[in-house]
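K.L.:
Whatever this is, show me its structure:
(one chain, ligands or ions: 1)
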Amino acid sequence: MHEITYHTFVHENVKSFMEGFRYDAHPMGMLMASVGALSTFYPDARNIADAENRHMQIVRMIAKMPTLGAWSYRHAQGKPFVYPDNDLGYTANFLSMLFKMSERKFEADERLVKALDVLFILHADHEQNCSTNAVRSVGSSQVDPYSAVAAGVAALFGPLHGGANEAVLRMLRRIGSKDNIPDFITGVKEGNERLMGFGHRVYKNYDPRAKIIKKACDDVFEVTGVNPLLEIAQELEKIALEDEYFVKRKLYPNVDFYSGLIYEAFQFPPEMFTVLFAIGRTPGWLAQWLELVQDKEQKIARPKQIYTGDRTLDFTPASERWS
Ligand SMILES: CC(C)(COP(=O)(O)OP(=O)(O)OC[C@H]1O[C@@H](n2cnc3c(N)ncnc32)[C@H](O)[C@@H]1OP(=O)(O)O)[C@@H](O)C(=O)NCCC(=O)NCCS
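P.N.:
Numbers count the residues shown, from 1 in each chain. Predicted structure coming up:
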């Protein structure tokens, strides 16, 4: 923990680099670019065969991701970057870098720190999901870990993966009131759109993480007051869990269904949700990367391609095409 706390600072040039983004840059794009850019600040990271060196880069990345994430947020807000406060724990320091203004010290409510801690832990690792697979695939070329994790951030950016909780919030807002839920459900069943925050490639029953998040929701709302979208979410869940369409397809709430509501209670804009996910997932990506690079049997990723198309297509040779 001490090591992580003492590597939270980034090189001052990272700051100027991040200031160069457009005022409306998506914080996830900024995170992806800046974590990749760290590879240029630590060229020794390419020496992935050395155990001590690998450890150093892992510590650096876990420590610096909250700094990069918080600065991506501050940039969009047009607020000055806040330097890390090494007296604070991991999550409390992150909240300070996000929300500190002119006060000498930013001290977040302990209940909020705990809830965000829980969310980070819940997101830490989750088998061979899309972004972990991206980290492993890119890492298998023996590139440095910053570049491999940048690939993970890119994969997480997509709405079918980490972007789902942002999509849930947009969906709830669009539904607007409990009265509109039946029409919305009919549209989903007709295939017009998906019920975001429902369904999972692996979990074909209630996502165990969703249960814990529901509890964290209560703790956070005790501090911030209840999010009015919660009522719509709860009703939507109730209706969907009783509807044959969802029951038959084993579609249950996943981790993203409620996490967005918590993030919103912290007053994070939806674009920041995936950044929070990425910070939580970084230790998992790195654990997977470490396992990969230490595996003597590991080869470069190279999925087999099998041509299944037509083998009898006629064609005009290039030499005859323009005559
Ligand atoms: C997560 C997800 C990509 C997993 O997909 P998957 O395991 O490949 O499931 P499929 O896409 O094969 O879907 C199976 C069936 O359920 C339906 N389905 C799956 N998720 C659905 C959803 N969220 N809303 C409505 N229908 C859904 C599909 O249309 C399909 O129906 P069909 O058999 O009639 O064609 C998918 O459930 C989804 O898009 N969920 C919404 C996005 C989300 O919350 N992602 C976060 C994951 S943690």
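K.L.:
Which strand or helix spans Leu230?
P.N.:
Following DSSP states H and E, one finds Leu230 within helix 229-242.
K.L.:
who touches that helix?
P.N.:
Residues external to helix 229-242 that are found in contact with it (Cβ atoms under 8 Å, 6 or more residues apart in numbering): 168-169, 172-173, 175-178, 181-182, 184-185, 195, 198, 217, 221, 246-247, 251-253, 257-258, 261, 264. Bear in mind the C-beta positions are built from the backbone N, C-alpha and C, glycine included.
K.L.:
after that helix comes which helix or strand?
P.N.:
Going down the chain from helix 229-242, the next helix or strand is helix 244-248, by DSSP H and E.
K.L.:
Okay, buried residues for that next one please.
P.N.:
For helix 244-248, a neighbour-count test (16 or more other Cβ atoms under 10 Å) marks Phe246 as buried.
K.L.:
can you tell me if that helix touches the ligand.
P.N.:
No. Residues of helix 244-248 are not located near the ligand by Cβ under 6 Å from any ligand atom, the shortest gap being 7.3 Å.
K.L.:
when you give positions from now on, start the count at 792
P.N.:
Noted, 792 is the first residue going forward, which turns the last one into helix 1035-1039.
K.L.:
For that helix, give the mean pLDDT please.
P.N.:
Here helix 1035-1039 scores 95 as its mean pLDDT.
K.L.:
Can you show me the helices along the stretch 842-991 of the chain?
P.N.:
In the stretch 842-991 of the chain, the helices defined using DSSP state H, counting those that start in this stretch lie at 842-868, 881-890, 901-913, 921-930, 936-947, 955-966, 972-980.
K.L.:
So what touches the fourth one?
P.N.:
Pointing back at helix 921-930 there. With Cβ under 8 Å, 6+ apart as the test, helix 921-930 has contacts from 916-917, 919, 936, 938-940, 942-947, 949, 951-953, 1072, 1075-1076, 1079-1080, 1083-1084, 1092.
K.L.:
Hey, what's the angle from that helix to helix 936-947? Just curious.
P.N.:
150 degrees (axes from the mean of the first three to the mean of the last three Cα atoms, to 10 degrees).
K.L.:
in the helix holding Leu1021, what counts as buried?
P.N.:
Neighbour-count burial for helix 1020-1033, counted by 16+ other Cβ under 10 Å, picks out 1020-1021, 1023-1024, 1027-1028, 1030-1031.
K.L.:
and the residue of the chain found nearest the ligand, what does it touch?
P.N.:
At 2.3 Å from the ligand, Gly990 is the closest residue in the chain, using Cβ to the nearest ligand atom. Listed by Cβ under 8 Å, 6+ apart, the contact partners of Gly990 are 1040, 1042-1043, 1045.
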